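>>> Structure here, sequence nowhere to be found:
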């Protein structure tokens with residue numbers, strides 16, 4: 001009888017341990033292997049080690065007293081368009097010219113989409129340009145199916161679809177804008193360098209008027225992303241914006257400009273999920289246009305998130321302090337073969353580039369929310385005020401008690417990272433993002449979790465007596481508890 005009781009106790013202990021390991025503050029270990037999500041970028045970098053000789057550059061943000069004049073050049077990409085809308089929304093930036101160059105879309109087609117977008121938000125005074133629809137030499141073209149989707153604006157409804165807008169030849173527009181500017185101008189590049197290289201060929205003296213070049217492109221220690229669109233390609237080192245026109249990239253890299261590179265190493269670390277853009281739908285005209293682009297992207301590439309390429313580069317142009325740029329020398333491989341388009345680090349040479357390898361993803365996403373979410377509380381959602389502060393108490397899963405604390409920041413708004421949680425009993429901690437309401441329940445998504453945590457959804461419900469009801473739902477069942485405000 002005693003042996004039987006001991007076996008029963010042992011079984012209960014084992015069951016209890018398993019229940020605890022399944023628990024999540026959104027903290028359980030997933031019961032199944034997560035489904036792979038299609039992606040336009042490579043897997044996270046196998047190594048982000050920087051050579052010992054590389055120096056770190058700290059770039060100060062623009063002075064609040066003046067605007068940064070910017071020439072925007074893209075290839076008609078969905079992410080490049082959101083980057084343009086971000087730059088237009090920033091008070092620190094003054095977009096002087098907008099060009100569409102060779103790459104994803106056909107330039108003369110896509111520049112009309114840009115004109116329609118600008119018209120819809122009341123901007124008619126920024127000159128437009130379209131470049132040639134071919135690289136300077138060689139290169140690998142984007143697949144036809146992708147170019148067609150870009151030409152069609154990814155089937156996202158566009159305003160003013162029957163209107164047309166005048167435009168110039170993009171290289172001439174870049175030259176004229178620089179020469180006529182009272183001071184140096186920053187170039188933002190989110191596509192191949194075709195038009196910029198041609199502008200430098202037309203008038204090499206314009207480089208004296210280029211303050212800096214911020215661009216999304218290349219791969220440093222991260223794998224390339226060519227096989228994500230061309231699965232049969234044997235090129236594992238190049239990135240699309242470079243391989244589309246490697247000759248143009250090489251000429252710009254070698255021009256002696258102050259260049260800031262945002263490669264796949266950086267953009268692969270910054271992802272958006274559907275909850276992140278919830279408030280953007282109510283953040284104003286520009287924010288709604290951005291959200292309308294991302295909605296179909298989540299359907300195509302998966303709701304677990306999409307990498308933000310050009311938008312990351314745009315955020316770093318405005319706030320370069322969000323990344324410690326590494327000074328390196330890069331050569332662009334222009335010879336045909338499996339390394340075409342590679343941005344190869346050459347040691348022991350004077351740097352020609354500042355490369356962002358490890359950006360602060362949270363600060364970048366917060367900057368996007370600051371621009372696109374607006375300052376107003378989204379309609380239909382109550383104030384977060386009842387939850388503000390630190391809470392602590394016991395929560396229970398299958399009869400097992402665990403100690404938990406939650407902190408909700410006073411700046412919390414829908415779609416934003418709002419605070420932290422810690423379940424000390426199972427060494428699970430992370431951040432909370434407010435993702436919506438379910439009746440009177442405040443709904444949160446856990447992120448930046450420790451290894452003991454997995455996937456789940458968390459709910460908070462303030463009570464009239466000043467306590468807080470906590471509930472977590474997932475494959476592990478439910479975990480519930482009452483928490484007290486910590487003085």
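Okay, I see it. On a predicted model such as this, the values are computed, not experimentally measured, just so you know.

>>> Could you use CA atoms for every contact and neighbour count after this?
OK.

>>> and the residue nearest to residue 203 when sequence neighbours are not counted, which of the three is it?
Distances taken as Cα to Cα, 6 or more residues apart in numbering put residue 175 closest to residue 203, at 7.1 Å, once the chain neighbours are dropped. State at residue 175, reduced to three classes by DSSP: H, G, I helix; E, B strand; the rest coil: helix.

>>> For burial, what's the neighbour tally of residue 175?
Residues lying near residue 175 (other Cα atoms under 10 Å) number 22.

>>> Can you give me every residue that contacts it?
Neighbouring residues of residue 175 by Cα atoms under 8 Å, 6 or more residues apart in numbering: 199-200, 202-203, 206.

>>> Now intersect these with the helices, please.
In helices, defined here by DSSP state H, the members of the contacts of residue 175 are 199-200, 202.

>>> filter those residues to the buried ones?
Neighbour-count burial (16 or more other Cα atoms under 10 Å) is assigned, among the ones in helices among the contacts of residue 175, to 199-200.

>>> quick one: contacts of stretch 398-414?
Stretch 398-414 is contacted from outside by 16, 19-20, 278-279, 377-378, 384-385, 387-396, 418-426, 433-436, 479, using Cα under 8 Å, 6+ apart.

>>> are any of those buried, and which?
For the contacts of stretch 398-414, a burial check counting by 16+ other Cα under 10 Å picks out 16, 19-20, 278-279, 377-378, 384, 387-388, 390-396, 418-423, 426, 433-436, 479.

>>> Which members of the residues you listed occur in strands, if any?
390-396, 418-423, 433-436, 479 (DSSP state E).

>>> distance of the residue nearest to residue 203 from residue 98?
13 Å (Cα to Cα, to the nearest Å).

>>> Dump the contacts of residue 175 into a markdown table; add pLDDT and distance to residue 67 as well.
Below are those laid out as a markdown table (pLDDT from 0 to 100; distance: Cα to Cα, whole Å):
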| residue | pLDDT | distance to residue 67 |
| --- | --- | --- |
| 199 | 98 | 24 |
| 200 | 98 | 25 |
| 202 | 98 | 28 |
| 203 | 98 | 26 |
| 206 | 98 | 20 |
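
>>> Can you classify residue 483 as helix, strand or coil?
Of the three states, residue 483 takes strand under three-state DSSP.

>>> surely it meets residue 469?
Yes: here residue 483 reaches residue 469: they are 6.3 Å apart, a contact under Cα atoms under 8 Å.

>>> quick one, which of these two is more surrounded?
Between residue 483 and residue 469, counted using other Cα under 10 Å, residue 483 has the larger neighbour count: 23 against 17.

>>> With adjacent residues omitted, what lies nearest to the more buried one?
Leaving aside its sequence neighbours, residue 483 sits nearest to residue 393 (Cα to Cα, 6+ apart; 4.4 Å).

>>> Please name the residues that touch that neighbour.
Contacts for residue 393 (Cα under 8 Å, 6+ apart) come out as 403-405, 481-484.

>>> Lovely, talk soon.
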